[in-house]
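K.L.:
Dropping the sequence and predicted coords here.
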Amino acid sequence: MPDAKTKTPPKKPVGKPGEPVVVTQVNDKHQLCTARFSPCGKLLVGGGMTGEVFRWDAAAADDAFTPLPHYTGHGGWVGALEFATTGSRLFSGDSWGRLSAWDYASQESKPLWSIADAHAGWLRSLAVSSDGKTVATCGADRSVRLWDAASGKRIADLPGHAEDVFAVAFSPDGTTLASGDLLGGVKLWDVKTQKILRECDAKVLAKEDRLQNVGGVRLLRFMPDGKQLLVGGTQPKNGGNVQGTPTLLMFEVASGKQTKLLDLGTGQVYIHDLQFLSGGDWALVLSGNPGSGKFALHKPGEAKPYFETSKLSNCHGVSIHPGGRRMAVMAANPNSSGNGRVKSKDGSEEYPGNWSPLHILDLTA
């Protein structure tokens, strides 16, 4: 793989107060599924489609984001990647069903533990409890599972979903787990008893069309106070090349009652990622068809985002630096397409595959 190349960052970001400005771009020529800053802020990691976990130095004053030795051992796409907020654990899951744990503070590049068949097929999502002791996973085998973070021992299976489970999330206090599936079913679990507390109806995010189920729950986030649950995806219009309206639902955790529906406009399809800024605002990315994409900042309670840009195409991930003012937005290379075709400068066509630039943005003071 080529060495990382970054654009020279400006001395001071220039923009309107409170708006994000791109300060550099990491062009490592890897195609990524997800990216996250470590809780210490010293690392940026990305899950790759080559079965690797890539790492960059995020602490250098010159914003060079120098590549560090990457982790190997996954067989499929590493699409699930989360840090524990305490200690130095990183957890990763792939499309072959493997779940691995790493000590990111160590120079050792071998996993602390790894389970090849954590799920029978695609491990879609994982979450880590606030105390760092429990990992939750879900997958294409319609199952939700709990694991001991220290040893990798399976604690429990939480059955009940009728289709592919795409998302899991712990409440801030770690007592409740949410899981969401392809049919728009959302379940809230008591982590201690492993019993269903209640269910939420997000079927507006799912549709059967052309002999296939499309859409589904693609994102789950508890609000910081734990009283509401955000459920994201799209309102599908058709199957095949899926078209739809990116949508975010809000449910009361105590009752399961839907309180809000946020329609994020046309021209995109899915809400892929949402993270909370230090003040409680949302940073989110939307994308669907090749060449589309949007990065936006939204204040809860408002009808529309107060900042949005379509200059970052095919956005699929966003991560907030623990310092609160820096973000990494994972997108796709310019001129990318669904089959990876990239035109060369002389006009001939090549097929080197797409890659995922990481746009590093800072909020202006």
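P.N.:
Looks like it came in fine. Just so you know, these numbers come straight off a predicted model, no measurement behind them.
K.L.:
Mind listing the residues bridging to residue 275?
P.N.:
Beta-bridge partners for residue 275, by DSSP bridges, are residue 283.
K.L.:
what's around it, how many residues?
P.N.:
17 (other Cβ atoms under 10 Å). Heads up, the C-betas are built off the backbone N, CA and C, glycines and all.
K.L.:
just residue 138 next, same as before
P.N.:
Around residue 138 there are 30 residues (other Cβ under 10 Å).
K.L.:
Excluding sequence neighbours, find me the nearest residue to it.
P.N.:
residue 165 (3.7 Å; Cβ to Cβ, 6 or more residues apart in numbering).
K.L.:
ok, now how distant is the nearest residue to residue 332 once chain neighbours are set aside from residue 221?
P.N.:
Residue nearest to residue 332 in three dimensions, not counting chain neighbours: residue 314, with 3.5 Å by Cβ to Cβ, 6+ apart. The spacing between residue 314 and residue 221, counted by Cβ to Cβ, to the nearest Å, is 21 Å.
K.L.:
The two: who's more crowded?
P.N.:
Neighbours were counted for residue 314 and for residue 221 using other Cβ under 10 Å; residue 314 has more, 23 against 20.
K.L.:
That one and residue 230: what is the separation?
P.N.:
The value you get for residue 314 to residue 230, if Cβ to Cβ is used, is 22 Å.
K.L.:
likewise residue 276?
P.N.:
In terms of Cβ to Cβ, residue 276 sits 10 Å off from residue 230.
K.L.:
Give me the common contacts of these two.
P.N.:
Jointly contacting residue 276 and residue 230 under the rule Cβ atoms under 8 Å, 6 or more residues apart in numbering are residue 221.
K.L.:
Between the two, which is the more surrounded one?
P.N.:
Neighbour tally, residue 276 and residue 230, criterion other Cβ under 10 Å: the higher count belongs to residue 230, 23 against 16.
K.L.:
doesn't that one fall inside a helix?
P.N.:
No: applying DSSP: H, G, I helix; E, B strand; the rest coil, one finds residue 230 to be strand, outside a helix.
K.L.:
Which strand residues bridge it?
P.N.:
residue 221, residue 250.
K.L.:
do the one 5 residues further on as well
P.N.:
With DSSP bridges applied, residue 235 shows beta-bridge pairing to residue 245.
K.L.:
OK, contacts around the nearest residue to residue 363 once chain neighbours are set aside?
P.N.:
Nearest residue to residue 363 in three dimensions, chain neighbours excluded: residue 325, at 4.5 Å (Cβ to Cβ, 6+ apart). Going by Cβ under 8 Å, 6+ apart, residue 325 touches 278, 362-363.
K.L.:
Strands of the stretch 51-200 of the chain, residue ranges please.
P.N.:
For the stretch 51-200 of the chain, the strands defined by DSSP state E, counting those that start in this stretch occupy 53-57, 67-71, 78-83, 89-94, 99-103, 113-115, 123-128, 134-139, 144-148, 154-158, 165-170, 176-181, 185-190, 195-201.
K.L.:
which other helices and strands contact the fifth one?
P.N.:
Meaning strand 99-103. Here strand 99-103 touches strand 89-94, strand 113-115, strand 134-139, going by 3 or more Cβ pairs under 8 Å, 6 or more residues apart in numbering; DSSP states H and E.
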